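Q: 3D, please:
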Amino acid sequence: MIKIKKNIIRLLLTCLSVFILPLLLQANIKLPVLVSNSMVLQRDTKLIIWGWASPGEKVEVKFNKKLVRTVTLSDGSWKVTLPPMKAGGPYTMEVKGNNTIIINDILLGDVWFCSGQSNMVVNMERVKEKYPDDIASANFPEIRNFFIPTASDVASVHNNLPAGKWIASSPDNVLGFGAVTFFFARSIYNEFKVPIGIINSSVGGTPIEAWTSEEGLKEFPLLISRIEKFKDTSFLNPILRSAGRIEKPAVDSRAVDKGMSGPISWFDNSYIPEGWNKYWLPGYWNDQGVKGLNGIVWFRKEINIPESLIGKPAKLFFGRIVDADNVYVNGILSGSVSYQYPPRRYNLPAGLLKPGKNIIVVRVTNYTGKGGFVPDKPYYLIAGRDSIDLRGEWLYKVGQVFRPVTPGTGKGSQVISMQNEPTGLYNTMVAPLINYRIKGILWYQGETNTNKPTEYQQLLPALINDWRNKWQEGPLPFIFVQLPNFMEVQYLPSESQWAELRSGQLKSLSVTNTAMAVTIDVGEWNDIHPLEKKVVGERLALAARKLAYGNDNIVYSGPIYKSSVKEADSIKIEFDHIGSGLKIKGGGDLHHFAIAGADGKFVWAEAKIVDNHVIVWSNEIEDPNCVRYAWADNPACANLYNTEGLPASPFEACVNK
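A: Take a look at the predicted model:
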């Protein structure tokens, strides 16, 4: 009897190993993150659908009355091609192998790959006070956004993106859309009435080389050398083990914040301020008698709230603060932000404000550079329709001074940011989606590369050609944003790395099927993330109408330098893209032209428009050789436009004697 039972068990185990285990071990079909519910597929081109399954597994894809089949390769990958299809939907796709996946609510339209650094990813929530009507009316179910979460890797090329999903535009959902990309998509959709898909792959503060593949960087020996280092595990592994360890500059851990360590915290309503100094807000403390301080500074102000404002929804607007802040109202923490760039907008709960005296205390932490409150930003408290201006005299006291601490220098202590290294973002946020068919590419980046503007002149064309080679869809339309005006205005001709980088961007227009949106009139001197995103998006859409939609009659660019010739003691400049003609915005005289002689020393020049040319001269330069326009970090008052209202690009040019 025992022997019979053993034989039965052996038989069952044999059946399990021969018939059942292979089925259990067979991998289910897996699709890329991007191929999912509510996706937008590119119309009028062959479509690629791809994924993974068991080697040799039969796979079939049904979509829009089309059926295609394939067999998985030995590495577990598979790919099918669907014929071109017209715009429309919604459709359903069925992908069948060992298992079946159903993808719903698919649209056919135009897909734009949008990439760069923070200005491409600044979302509609950040600009909601500027564009309330645009947000309220953002009910566009056929405009869909796929935001790719940040991921970086210098060691290997990934085959799939981080988790994400397609989201349709609505007044609620649009707050998460990139502002530039939303206004671009809305402009295109309103004209062509086809679904628009936006794939936003952007990471703040990242250089262009991080977005380029190893093949794309082959002409840059120093970058290739850096890539080769990462292939050495003895170099890379210690760095990976320490990744993320240092988030902020090291400070002396023995020091304490006096504002938090005493018997009564300085934000407490019962605290009596003694020995505090006057401070004019907004402003940086470097400019108000506190030199070179990195640390924690407390600010305090008493305001009177009238009875009429009590019981109403209230909100604090605290502009921007460098670097981090904690805001207390009547002793209660009411908001905080850990880094300098986001606007401070803090909702106050009902009952927090009271009639008469109210105390606002701000604890500011600064790690490097000038700390304080960024000027020319909104600083006020609003309740209902009434507001109280918070600018003016405050009190301040230093809570803690950070003494510099030198980080370790041993081999294992090196810490790098993978997202800033060559190929670090291409490998994870571009390469996994090059099978996905697109209409074109939008690019908004460059701020991080302004320290090496000459190199950027080669890096941008290299990126364009690299991505086109990877997508294998020919010379895809590539439209980029020229850097806006930023930083302090200089009132004498000067050198500028931002101007040099803009010049490199301008020269990249020599690459076929490219266009550039000039934005030197929509930046902010005090904010690297200017809020005027609608203009940027709509200027990109103008260029797309020409490059991607074949509107040859549209004026899609402002004046672009074409050539110059010397005429006696002046220089005559010719432009492309003059539209209906050159004009001076606002009237008056042309500004921000400068010329130099053979010595290269520039002086401000007189300039006038003659027969849609610009003539430039200066009584100080008898023999002019070079001319510049809007050559500055922040070329305020640069006012050469075409009649269609688009600004001329900055440029530098020299003429032959």
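Q: is it true that P162 touches A151?
A: Yes. Between P162 and A151 there is a contact under Cβ atoms under 8 Å: 4.7 Å. C-betas here are computed from N, CA, C, even on glycine.
Q: tell me which of the two has more neighbours.
A: A151 (18 against 13; other Cβ atoms under 10 Å).
Q: now do the SS call for that one.
A: Of the three states, A151 takes coil according to DSSP: H, G, I helix; E, B strand; the rest coil.
Q: now do the same contact list for it.
A: A151 is in contact with H158, L161, P162, T428, M429, counting by Cβ atoms under 8 Å, 6 or more residues apart in numbering.
Q: what is the nearest of those residues to A462?
A: Closest to A462 out of these is M429 (17.7 Å), distances taken as Cβ to Cβ.
Q: which phi and psi does that closest one have?
A: phi -120, psi 0 (degrees, to the nearest 10).
Q: what's the spacing between it and I101?
A: Using Cβ to Cβ, to the nearest Å, M429 is found at 24 Å from I101.
Q: if you count surrounding residues, which of those two has more?
A: M429 (27 against 17).
Q: contact partners for that one?
A: M429 neighbours (Cβ under 8 Å, 6+ apart): S115, I148, T150, A151, S152, L161, S201, V203, W211.
Q: dump the residues you listed to CSV, plus distance to W467 and pLDDT.
A: As requested, the contacts of M429 are arranged in CSV below (distance: Cβ to Cβ, whole Å; pLDDT from 0 to 100):
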residue, distance to W467, pLDDT
S115, 9, 98
I148, 15, 97
T150, 19, 95
A151, 18, 95
S152, 18, 94
L161, 16, 97
S201, 11, 98
V203, 16, 96
W211, 9, 98
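Q: the lengthiest strand in the chain packs against which elements?
A: With secondary structure taken from DSSP state E, the chain has its longest strand at strand 100-116. Packed against strand 100-116 by the contact rule (3 or more Cβ pairs under 8 Å, 6 or more residues apart in numbering; DSSP states H and E) you find strand 40-42, strand 88-96, strand 140-147, helix 179-192, strand 196-202, strand 440-444.
Q: gap between it and the chain center?
A: 21 Å (Cα atoms, centre = their mean, to the nearest Å).
Q: do the same with stretch 124-132
A: The answer for stretch 124-132 is 16 Å, by Cα atoms, centre = their mean.
Q: before we move on, the earlier item: mind putting the contacts of A151 into TSV with secondary structure and distance to A515?
A: What follows is the contacts of A151, written out as TSV (DSSP: H, G, I helix; E, B strand; the rest coil; distance: Cβ to Cβ, whole Å):
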residue	secondary structure	distance to A515
H158	coil	30
L161	coil	27
P162	coil	30
T428	helix	28
M429	helix	23
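Q: tell me the SS of the closest residue in space to A653 that isn't next to it in sequence?
A: Nearest residue to A653, sequence neighbours excluded (Cβ to Cβ, 6 or more residues apart in numbering): S564, at 5.2 Å. For S564, the assignment made with three-state DSSP gives strand.
Q: check contacts around S564.
A: S564 neighbours (Cβ under 8 Å, 6+ apart): I571, K572, I573, E574, V627, A653, V655.
Q: from the residues you listed, which would you call buried?
A: I571, K572, I573, V627, A653, V655 (16 or more other Cβ atoms under 10 Å).
Q: who's the third one bridged to?
A: For I573, the beta-bridge assignment (DSSP bridges) gives partners S564, V614.
Q: hang on, it packs against W617?
A: No. Contact criterion Cβ under 8 Å: I573 and W617 do not qualify, at 11.4 Å.
Q: picking that back up, let me have the contacts of S564 in TSV, extended by distance to A314 and pLDDT.
A: Listed next are the contacts of S564 as TSV, based on distance: Cβ to Cβ, whole Å; pLDDT from 0 to 100:
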residue	distance to A314	pLDDT
I571	58	97
K572	60	97
I573	54	97
E574	57	98
V627	54	97
A653	55	96
V655	61	89
